[in-house]
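1. Build me a structure from this.
(2 chains)
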Protein chains: 2
Amino acid sequence: MENKPYVIGLDLGGTNSAFGIVDAEANVVATTTIRTGEYRDVDVYVDSCCKALAPLVEKVGGIGQIKGLGIGAPNGNYYNGTIELAPNLPWKGIVPLAKMFQERLGIPVVLTNDANAAAIGEMTFGVAKGMKNFIMITLGTGVGSGIVVNGELVYGCDGFAGELGHVIVDRGPEARQCGCGRKGCLETYCSATGVARTAREFLTKRTDESELRNIPLENVTSKDVSIAAEHGDQLARDVYQFTGELLGRSCANFTAFCSPEAYVFFGGLTKAGNLLMEPLKKAYDDNVQNIFKGKAKLLVSQLDDAQAAILGAAALAWKM
Amino acid sequence: MENKPYVIGLDLGGTNSAFGIVDAEANVVATTTIRTGEYRDVDVYVDSCCKALAPLVEKVGGIGQIKGLGIGAPNGNYYNGTIELAPNLPWKGIVPLAKMFQERLGIPVVLTNDANAAAIGEMTFGVAKGMKNFIMITLGTGVGSGIVVNGELVYGCDGFAGELGHVIVDRGPEARQCGCGRKGCLETYCSATGVARTAREFLTKRTDESELRNIPLENVTSKDVSIAAEHGDQLARDVYQFTGELLGRSCANFTAFCSPEAYVFFGGLTKAGNLLMEPLKKAYDDNVQNIFKGKAKLLVSQLDDAQAAILGAAALAWKM
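-> As a prediction, this is how the structure comes out:
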């Protein structure tokens, strides 16, 4: 096979679809973005993507220079190249997206879910470089995960393995309702929306001062919590304490599964830095089984937020 | 490499060490047993094992006919061939058992923990034949597990992965003390000792009739519970209901990790049959995330109890 110098990475999100043309050293040589949410019809979406890509592809010497397209997408299925029942995308049912792009672009296309793409990005270009066993946890609007065992992504029997955001961590009477239909999923606590929910709970149950009380309760977001915490607001800091603790002891349980060399945390919530990571590390150490103590590193991704997902999708294309 | 027709499998337990000489079709052509607990000195133990093995080896034509020895042992480490800090074995610290056998027998030796050996046995000879993704759960004195992902055992960064018996499933004030030093581990509920604890709890908290009340409370064993349940004793049946439910919803959480094709349950507790498996299946279905519903089979091992562990260890030796 001839040695083509580039791949395309697509970070397909509910709001934007970000494309990057990437070389083998993880340099993003050209990018473009289209607004996912504007396309109710997935055929029109793919056409618009190809149209937006055309000038970029020309810039690097034409489609003959491109090895393939890698896509990271919510509810992406690696085995089938489909997106299945994604609640935050405009397309319903099962969308054969890889096939659609392949037909239009004439290059191989590979697709996986966004957290798996992030894991591949970390393994190829990031802090997990060279690791054979690690767990990627993405802390965004939801909680996603990509699990690498024996150097390979864990896809399971159906392509959907690695849904640690939907491990049930609270079975008590106050367990939170999750978008998946069940209650008490990790995602309802340790995502951006989970942080906002925790803040609203604390504001309701507690009586101490907090600058968050200047915001109408139902409008409090994780961003507000983060700003207040930076100002030293105790209630806001306690929200991160609670979130980090819960995430840390959940990870301690995950370790029993695959004894990873590292956890790599990625996404908006990690911007809280030590406010999140210190309670997380303490709860992990306090809760992990003795034989695993001191083994797994708890790392924060160092990849640039805007490019990490594109790089992950690109790495997937390089691995084809 | 020449084609040797046999391997030796060793099922090393706290009470007995059972050896079998096994051919490639899983026929156990000769067996012998020595009492593990009688050997405080591991050197004397290995010597006695080799002495006990000698006539069996002669019977099949000498050591030249044997490809290798596979050992399944509690706290066995596949990477190092060691047994590390096993609470139920007479030897303390880290025992380089594979090396010790290798030096005395002059054949390759491979060692793993007992639940991993069972998983390899199921994958090679049992109900998981041909499966690339499944979880083996052993329900004995403790709860062990062996996890197969992409056709390979999950050992993790240190050789100790797959400790699902030590996933914490209860963090409430009444969570049970576990032998591992922590509280609320799955093993404290879903093992033989866990079943006996549940029965004693029910007998204390409830006031209804039960034939178990004829036994002094502290003497009630899982065997007693099983006999009472067979007689139709409601309290005893409720113990299995409780155990099955807890195991089922725990497995529903494990599925988020690796979306297995099947769970294979093995060990004394599975003799309760539908008393255990029906609530287990119901709780699994009720608790598993929608995208995984109806996918994983919940199976009971069909391998003969006395030979399954030997076959697993033998399969490990065949895979060398």
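2. Let's verify the most far-flung residue of chain A relative to its centre: helix, strand, or coil?
-> In chain A, residue A:207 marks the outermost C-alpha relative to the chain mean, sitting 35.0 Å out by Cα atoms, centre = their mean. For residue A:207, the assignment made with DSSP: H, G, I helix; E, B strand; the rest coil gives coil.
3. Phi first, then psi, for it.
-> When read as degrees, to the nearest 10, the backbone of residue A:207 gives phi -120, psi 0.
4. How about the one 3 residues further on?
-> Note on residue A:210: its backbone torsions stand at phi -170, psi 140 [degrees, to the nearest 10].
5. Hmm, it is touching residue A:236, no?
-> Yes. Using Cβ atoms under 8 Å, residue A:210 makes contact with residue A:236 at a distance of 6.7 Å. C-beta: built from backbone N, CA, C; applies to glycine.
6. Comparing the two, which residue is more hemmed in?
-> residue A:236 (27 against 22; other Cβ atoms under 10 Å in any protein chain shown).
7. and the angle for the longest helix seen in chain A with helix B:234-258?
-> Counting by DSSP state H, the longest helix found in chain A is helix A:234-258. Computed by axes from the mean of the first three to the mean of the last three Cα atoms, to 10 degrees, the angle separating helix A:234-258 from helix B:234-258 equals 100 degrees.
8. Now do the helix or strand following helix A:234-258: everything it contacts.
-> Using DSSP states H and E, the next helix or strand after helix A:234-258 towards the C-terminus is strand A:262-266. By Cβ atoms under 8 Å, 6 or more residues apart in numbering or on different chains, the residues outside strand A:262-266 that reach it are A:118-119, A:122, A:126-128, A:131, A:134-139, A:251, A:277, A:280, A:296-301, A:303, A:308.
9. for the record, mean pLDDT for strand A:262-266?
-> For strand A:262-266, mean pLDDT is 97.
10. Direction included, what does that strand pair against?
-> In the sheet, strand A:262-266 lines up against strand A:134-139 (parallel), strand A:297-300 (parallel) (DSSP bridges).
11. Whether the following helix or strand past that strand contacts chain B - can you check?
-> In the C-terminal direction, the helix or strand that comes right after strand A:262-266 (DSSP H and E) is helix A:274-287. Yes. Legend: contact between helix A:274-287 and chain B by Cβ under 8 Å from any Cβ of the partner chain is shown at residue A:287.
12. Can you list the neighbours in contact with helix A:274-287?
-> Contacts for helix A:274-287 (Cβ under 8 Å, 6+ apart): A:229, A:237, A:240-249, A:251-253, A:265, A:269-270, A:293-294, A:296, A:298, A:300, B:168, B:182.
13. now that helix and strand A:134-139, what's the angle there?
-> Going by the same axes, to 10 degrees, helix A:274-287 makes 140 degrees with strand A:134-139.
14. low-scoring pLDDT stretches of chain A, where are they?
-> A:1-2 (pLDDT under 70).
15. can you give me the strands in the stretch 101-250 of chain A?
-> Listed in chain order, the strands of the stretch 101-250 of chain A (DSSP state E, counting those that start in this stretch) span residues A:109-113, A:134-139, A:143-149, A:152-153.
16. May I see those strands organised as JSON lines, with distance to residue B:3 added?
-> As requested, those are arranged in JSON lines below (distance: least, Cβ to Cβ, whole Å):
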{"stretch": "strand A:109-113", "distance to residue B:3": "41"}
{"stretch": "strand A:134-139", "distance to residue B:3": "39"}
{"stretch": "strand A:143-149", "distance to residue B:3": "32"}
{"stretch": "strand A:152-153", "distance to residue B:3": "31"}
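17. Reformat the ones you listed as TSV; add mean neighbour count.
-> Shown next, in TSV, are the strands of the stretch 101-250 of chain A (neighbours: other Cβ atoms under 10 Å in any protein chain shown):
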stretch	mean neighbour count
strand A:109-113	26
strand A:134-139	28
strand A:143-149	28
strand A:152-153	19
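18. Residue B:36: which of those is closest?
-> Proximity to residue B:36 (Cβ to Cβ) singles out strand A:143-149 among the strands of the stretch 101-250 of chain A, at 32.0 Å.
19. Could you see whether chain B lies near that closest one?
-> Yes. Legend: contact between strand A:143-149 and chain B by Cβ under 8 Å from any Cβ is shown at A:147, A:149.
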